[in-house]
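> give the three-dimensional model of this entry:
(one chain, ligands or ions: 1)
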Amino acid sequence: MKVTATALPGVLLIEPARHGDARGFFSESWSRPKLAQHGIEIDFVQDNHSLSRSVGTLRGLHFQAPPHAQAKLVRCGRGRLYDVAVDMRRGSPTYGQWVGEELSFENGKQLLVPVGFLHGFVTREPDTEIVYKCSDVYSPACDGAVRWDSCGIDWGVEGDPVLSEKDAAAQAFSDFETPFTYEGPFPWEARA
Ligand SMILES: Cc1cn([C@H]2C[C@H](O)[C@@H](COP(=O)(O)OP(=O)(O)O[C@H]3O[C@H](C)C(=O)[C@H](O)[C@H]3O)O2)c(=O)[nH]c1=O
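Numbers count the residues shown, from 1 in each chain. Okay, the predicted model is just below:
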């Protein structure tokens, strides 16, 4: 497993080993002890899986507020997508900054999106599936969204993305009152 820091401290790029043979490949897509060797001790409790039929489907930017804030470990099960995290921790040295990575079935890359970061993605192929582990359960009362085009993110999308009604009506980041405060570096920041 290869773990690499991204331009946004706290957000990690994780690449599990792929063991190829004549049949295809085998990969341990998630290993608690292997993540722990990199200082990543997150208790994931829910797996999410969504399919987006059209290229240019954009889901985000989403978060869950405390007491059901979620860290996410994101990967692409089929197709290709551009995954984005935005720091929304008040007082963070990187508040409002974003990072994006292309995740695909082919590259097997994963993004660790910690608590305190907005998450969203846009699909780059039809019938793209995203699967991701969450560190807390779904809580509609804590669910929140920020407009995809209000954080200066270069999504690489030509024309208008395919959005849910919720995402089309989301508030701008500039109007957003974040429920998160910077509490210092994550344990894994010193290790990556
Ligand atoms: C998130 C979630 C949704 N749902 C139900 C609620 C709706 O009936 C339906 C679609 O929900 P939503 O439109 O919020 O789904 P996405 O737009 O893919 O939202 C997700 O997209 C971004 C990328 C995220 O990181 C979050 O996990 C999440 O906000 O699934 C559930 O039953 N459980 C859940 O955990």
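> tell me which residue of this protein is furthest from the middle?
A22 (32.2 Å; CA atoms, centre = their mean).
> next up, the contacts around that one.
Contact partners of A22, counting by CB atoms under 8 Å, 6 or more residues apart in numbering, are absent. To be clear about C-beta, it is placed using only N, CA and C from the backbone, and glycine gets the same treatment.
> how about it, phi and psi?
phi -60, psi -20 (degrees, to the nearest 10).
> my guess is F26 contacts A17, does it?
No. Checked against CB atoms under 8 Å, the pair F26 and A17 is beyond contact range at 9.1 Å.
> and V131, what is it in contact with?
Applying CB under 8 Å, 6+ apart, one finds that V131 lies in contact with D47, N48, H49, V74, R75, C76, G77.
> scan those and report the most crowded one.
Neighbour tally across these (other CB atoms under 10 Å): the maximum, 28 neighbours, falls on C76.
> so how far is the one helix or strand E129 maps to off the chain centroid?
Taking DSSP states H and E as the criterion, E129 maps to strand 128-134. Centroid displacement of strand 128-134 relative to its chain, using CA atoms, centre = their mean, to the nearest Å, is 9 Å.
> try stretch 70-90
Between the centre of stretch 70-90 and the centre of its chain there are 1 Å (CA atoms, centre = their mean).
> distance between the ends of it?
End-to-end span of stretch 70-90 (CA to CA, to the nearest Å): 17 Å.
> avg pLDDT for it?
This predicted structure assigns stretch 70-90 an average pLDDT of 98.
> can you give me the end-to-end distance of stretch 55-67?
34 Å.
> contacting residues for V3?
When contacts are counted by CB under 8 Å, 6+ apart, V3 touches L12, L13, I14, E15, H38, I40, W188, R191, A192.
> of those, which is the most crowded?
Of all the contacts of V3, the highest neighbour tally under other CB under 10 Å goes to L12, namely 26 neighbours.
> I'd say that one and G39 touch.
No. Between L12 and G39 there is no contact under CB under 8 Å: 9.9 Å.
> so where's this protein shaky on pLDDT?
The model of the chain has pLDDT under 70 over residues 192.
> how near is L12 to F173?
Distance, L12 to F173, by CB to CB, to the nearest Å: 23 Å.
> circling back: what's the most distant pair in the contacts of V131?
Of all pairs drawn from these, the greatest distance, 14.2 Å, lies between D47 and C76 (CB to CB).
> show me where this structure has helices.
Assignment of helices within the chain using DSSP state H yields the ranges 32-36, 165-168.
> which helices and strands sit right next to the last one?
The reference is to helix 165-168. Using 3 or more CB pairs under 8 Å, 6 or more residues apart in numbering; DSSP states H and E as the contact criterion, the elements in contact with helix 165-168 are strand 58-64.
> anything in the strand it packs on near the ligand?
Yes. Using CB under 6 Å from any ligand atom, strand 58-64 reaches the ligand at R59, G60, H62.
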